[in-house]
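Visitor: just a sequence and a predicted model for now, questions to come.
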Amino acid sequence: MLESLVCPTCKGVLAKKGEILHCENCKVECILNNGIYDFIGEQGPYWGEISIDEMNKTLETARASGWRTAAQSVGSKYSDMNEYILSNTRIDWLFHCLDFSKTKTCLDIGSGWGTITFGLAKYYDDVWSLEAVKERIEFQKIRQEQDGINNINFVRADLLHLPFPNNYFDLVVANGVLEWAGLSDCSRNPREVQLDFLKEIKRIMKPKGCLYIGIENRFGFPFILGGKDHSGLPFTSLLPRKLSDVIVKISGKAGEYRQGDQIKKWENYRTYTYSYWGYRKILKDAGFIQAKLYWTLAYNAPKHAGKFYDESFNYFLNLTRENSNNASNIGSLLTSLGVNLPGWVIKLGLPFICPSFLIFAYKENQNISFESKLLELDLPNSSFLRMSGSHGISSKINYFLINDGNPSSIIKFPRFKEVTSLAFEEKRMAQFNPLNIRKDVIDNVAVFIEPVIKGAQPKLYNLSHNQKVLYWLLDFQRKTQNGYWDFEQLEAKIIALCNFLSEIHLDNEIRSRTGQRMELFMKSLQCVKIQRTSEHGDFFAGNMLIGEDDQVYVTDWEFYQEDGEPLFDFVFFILDTSTKGTMPKSFQDNFLGKGKYSPILETLISEYTRTKQLPPELILQAIPYVILRCLYRAATGVDNKHLDINRYIYLLELWDEICDSATSHILAMPQIRR
């Protein structure tokens, strides 16, 4: 790798002596330590999402028990960290710029825990991960060794002095980095420092290369509502820089980081973000010829994205409004804001309040990308909305093509090109829905084209909609029934989940009571016959549509199992619908017979158990079993499809409270014995 590195100061050739690279002109040294090229040394900075002591414990766990176990341990304590470290959706911006003819070299600057780096390694031949924080890059190195990945190189270096040759990289990634670049030199104006950083990136890019920046909008909707800027204070990104500088100095809350054994602080406003036009201006000043900006709700989880000044965000608002079921998030807030506004107002206003940007900058004009080839298929479209599938390695990317404001078709392809499971999923999609699905191949990637289903998600409090879903499920299970489970097989599954229960970060008393409920469920299964049926595996309203033809369509067959249990899909559905609204009250009230959804819930349980000839209490006894199954696949699945560990732990805790607060019955059914 010596030819890939140069002196970060003079850009001259580095000589090698043992494990040390050095520049004879500048006397700069780089130590090769455990496969990491280190230009910083032991006195480098530490900042991060967790304390340095906890980070060191995480590294110990990673070495002893595996990086995934360590990551999940962090994720169980900090709910946002699970997705941050493990979700493959974090790389889904790539498809807006990916050019399969230019995938030789890429660089991920400020790579953190390495989530994006490891995703890039599936597309690029030679990947460089640059991270100043020693502990973070050590975590990446552990992951690389344990997963047997051989095309990632690690380097610690300064953002303003990148140790790479001119015109070297096809792609440079700066995700969540530009706003922090001003801290690299506190003696100068932050914009000047950011400009130097961008010029340094431009230097190392190939003529046809691309720079990707994921970053917040200075005037984004969350900041207008009072969300904290990187200064740690609200509204500082909205104000004139000089005024924000005064406020930060007075507050004394700018921020701090560890430098060796010392704690250092920056005392003024240095974490500059910009508007839609501000990013275009600074990129132009840095010498980039072309810049393309996409809107997204959160650049670190870019699950939805589209272009500005077209129909994509209008369509997203309509989709969110139709399918919100009282969800509370940035998307629903934006929906509430824009629901009564004319479409042209939304188009013009979006650049002002869009929460985050996905930015692609070029030294020369962009080449033909994979995305552009998708849009050139023989399918009518004037714009598109990109939507991610689940977090998993084997998940998919969806392009909703929009023509004159209306969806016309959906293009699906695997997130990672070597994955072949999407063909199986689309086969099930066609098998259980009356749809004609077409296949095409672009750049050796199989893409599937589905017609748009005209309809909307089932309405939460509409009894007829809920019954339609139930009847679809009963019909699906009838069509796929293949005998009955032997009790010993079910018993083995339950015992395995009980053993897993001991590994969950849970109060010991709740753990004990949950174990007792699992034993009761197992005893009840001895008295009934449970069918072998296929399982959808992710059976909730978000994966269903009631079409204009009044038929139920069920989508997203990633979790499909040929050999499954009928109880799982049904209980999964009623768990999800019972948690809509304000938690924990909605969940507790609905199962205690006091919630708005309670009458519908009781009707569904009654009809399902009557059809299946099962005692109603068995459904309630199955709830901790289903929660544990979901928790098990979230915590142990190497594919990372679902990462809702904390949500399922929370549901176990709430179910324990529900059972304890039920004096004589739950939904007028026999009480769950404790």
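Guide: Received, thanks. Predicted model only: the values in this text are computed from it and were never measured.

Visitor: and the longest strand seen in the chain, what does it pack against?
Guide: Longest strand in the chain by number of residues, with DSSP state E as the criterion: strand 205-216. The helices and strands touching strand 205-216, judged by 3 or more CB pairs under 8 Å, 6 or more residues apart in numbering; DSSP states H and E, are strand 169-175, helix 190-204, strand 356-362. Placement of C-beta: from N, CA and C, glycine included.

Visitor: in the following helix or strand past it, which residues are buried?
Guide: Scanning forward in sequence from strand 205-216 by DSSP states H and E, the next helix or strand is helix 221-224. Judged by neighbour count using 16 or more other CB atoms under 10 Å, the buried positions of helix 221-224 are 221-224.

Visitor: relative to helix 190-204, how tilted is the longest strand of the chain?
Guide: Orientation check (axes from the mean of the first three to the mean of the last three CA atoms, to 10 degrees): strand 205-216 against helix 190-204 gives 140 degrees.

Visitor: for strand 205-216, buried residues please.
Guide: Buried-residue list, strand 205-216, by 16+ other CB under 10 Å: 205-206, 208-216.

Visitor: again, but for stretch 344-363
Guide: In stretch 344-363, counting by 16+ other CB under 10 Å, buried: 346-347, 350-351, 353-363.

Visitor: do stretch 272-280 as well
Guide: 272-276, 279-280.

Visitor: what distance separates stretch 198-209 from the centre of its chain?
Guide: 28 Å (CA atoms, centre = their mean, to the nearest Å).

Visitor: do the same with stretch 532-544
Guide: Its chain's average C-alpha position is 21 Å from that of stretch 532-544, according to CA atoms, centre = their mean.

Visitor: still on that earlier bit, just the mean pLDDT for the longest strand of the chain, thanks.
Guide: When pLDDT is averaged along strand 205-216, the result is 97.

Visitor: right, and the helices and strands packed on strand 205-216 - which one's nearest residue 161?
Guide: helix 190-204 (7.3 Å; CB to CB).

Visitor: what number of residues lie near residue 317?
Guide: 21 (other CB atoms under 10 Å).

Visitor: any chance you could map the strands in the stretch 1-150 of the chain?
Guide: For the stretch 1-150 of the chain, the strands defined by DSSP state E, counting those that start in this stretch cover 15-17, 20-22, 29-33, 36-38, 45-46, 105-109, 126-130.

Visitor: partners of the first one, with directions?
Guide: Okay, so that is strand 15-17. Using DSSP bridges, strand 15-17 pairs in its sheet with strand 20-22 (antiparallel).

Visitor: how long is stretch 559-573 from one end to the other?
Guide: 14 Å (CA to CA, to the nearest Å).

Visitor: now do the buried residues in that stretch.
Guide: 559-560, 564-573.

Visitor: just put those in CSV and tack on secondary structure and distance to residue 88.
Guide: Output for the buried residues of stretch 559-573, formatted as CSV (DSSP: H, G, I helix; E, B strand; the rest coil; distance: CB to CB, whole Å):
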residue, secondary structure, distance to residue 88
559, coil, 16
560, coil, 19
564, strand, 25
565, coil, 28
566, helix, 31
567, helix, 30
568, helix, 24
569, helix, 25
570, helix, 29
571, helix, 28
572, helix, 23
573, helix, 26
